[in-house]
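Peer 1: predicted coordinates and the sequence they were generated for:
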Amino acid sequence: DTEVTQTPKHLVMGMTNKKSLKCEQHMGHRAMYWYKQKAKKPPELMFVYSYEKLSINESVPSRFSPECPNSSLLNLHLHALQPEDSALYLCASSPLGLSGNTIYFGEGSWLTVV
Amino acid sequence: RKEVEQDPGPFNVPEGATVAFNCTYSNSASQSFFWYRQDCRKEPKLLMSVYSSGNEDGRFTAQLNRASQYISLLIRDSKLSDSATYLCVVPRAGYSTLTFGKGTMLLVSP
């Protein structure tokens, strides 16, 4: 079983709604990630947090707003999304310094924008 | 050369067959590599790590060829449960995160 927990597992939201995806890990990892995955495509990196600070933003539109309240939690706030934003959103964590380390994914949140 | 490149497949093989996938990468400074497995509508899960010339775990063998910059994954005695997409993963330059290949789909039939 994954040690990265994501909620909710499924979310349907309208284009004017505001919602949040939540992620929690208790492995003591100091790097946390948000990935977006569309059908038949590999995961695409959105954001990386290192020591609770945003270290990478892959030019993600501002309608996606990440937040890292502490070393165990990662949120993704959603506002004014478009139907094309419908996808699987994966949270992941890793020890810092990926040389020799890898990342562990949560089960993902399936988002549908209507 | 793209950062990570894989043949998308699908590879259709019968049970018991041996199948191999290749993956090429562009960052010659990469020291570690990973194969992830992703089942339909599930998250990617780590299958194997490759740090030197190769790694073996039961029916699975991963090989690394630094000179030619490719990694391979060999699956022996394929099982129906091996049907999945196999993602080749390479750390990005600077080790800030990972770059995923597009994945190779494997379908094992009875």
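Peer 2: Noted; the coordinates are in hand.
Peer 1: make it CA atoms for all contacts and neighbour counts henceforth
Peer 2: Fine.
Peer 1: so residue 35 is in which element?
Peer 2: I went with chain A, as the question did not name one. For A:Tyr35, the host element (DSSP states H and E) is strand A:31-37.
Peer 1: wrong chain, I was asking about chain B
Peer 2: Counting by DSSP H and E, B:Trp35 is found in strand B:33-38.
Peer 1: using CSV, list the CA coordinates for that strand.
Peer 2: Below are the C-alpha coordinates for strand B:33-38, written out as CSV (Å, rounded to 0.1, in the frame of the first residue of the first chain):
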residue,chain,number,x,y,z
PHE,B,33,17.7,5.1,-13.5
PHE,B,34,14.3,3.6,-12.7
TRP,B,35,11.6,1.4,-14.2
TYR,B,36,8.1,2.1,-13.0
ARG,B,37,5.1,0.0,-13.7
GLN,B,38,1.6,1.6,-14.2
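Peer 1: so B:Tyr25 makes contact with B:Val89?
Peer 2: No. With contact defined as Cα atoms under 8 Å, B:Tyr25 does not count as touching B:Val89 (9.1 Å).
Peer 1: of those two, give the one with the bigger neighbour count.
Peer 2: B:Val89 (26 against 23; other Cα atoms under 10 Å in any protein chain shown).
Peer 1: ok, now which ones touch that one?
Peer 2: B:4, B:33-36, B:98-101 (Cα atoms under 8 Å, 6 or more residues apart in numbering or on different chains).
Peer 1: in which helix or strand does it reside?
Peer 2: strand B:84-91.
Peer 1: pLDDT (mean, whole number) over the helix or strand following that strand?
Peer 2: Going down the chain from strand B:84-91, the next helix or strand is strand B:98-100, by DSSP H and E. Strand B:98-100 shows a mean pLDDT of 88.
Peer 1: anything in strand B:98-100 near chain A?
Peer 2: Yes. Counting by Cα under 8 Å from any Cα of the partner chain, contacts between strand B:98-100 and chain A involve B:Phe100.
Peer 1: which neighbours does that strand have in its sheet, and in what orientation?
Peer 2: Within its sheet, and counting by DSSP bridges, strand B:98-100 is paired with strand B:84-91 (antiparallel).
Peer 1: using PDB, list the CA coordinates for the partner strand.
Peer 2: Extracted in PDB, the C-alpha atoms of strand B:84-91 (Å, rounded to 0.1, in the frame of the first residue of the first chain):
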ATOM      1  CA  ALA B  84       0.800  -2.900 -17.800                       C
ATOM      2  CA  THR B  85       2.600   0.100 -19.000                       C
ATOM      3  CA  TYR B  86       6.300   0.300 -18.200                       C
ATOM      4  CA  LEU B  87       7.800   3.700 -17.700                       C
ATOM      5  CA  CYS B  88      11.500   4.400 -18.000                       C
ATOM      6  CA  VAL B  89      12.500   7.200 -15.600                       C
ATOM      7  CA  VAL B  90      15.700   9.300 -15.500                       C
ATOM      8  CA  PRO B  91      16.700  12.000 -13.100                       C
END
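Peer 1: next, the angle from it to strand B:33-38.
Peer 2: Calculated by axes from the mean of the first three to the mean of the last three Cα atoms, to 10 degrees, strand B:84-91 forms an angle of 150 degrees with strand B:33-38.
Peer 1: show me how far strand B:84-91 is from its chain's centre.
Peer 2: Between the centre of strand B:84-91 and the centre of its chain there are 5 Å (Cα atoms, centre = their mean, to the nearest Å).
Peer 1: where do the contact lists of B:Tyr25 and B:Val89 overlap?
Peer 2: Contacts common to B:Tyr25 and B:Val89, judged by Cα under 8 Å, 6+ apart, are B:Val4.
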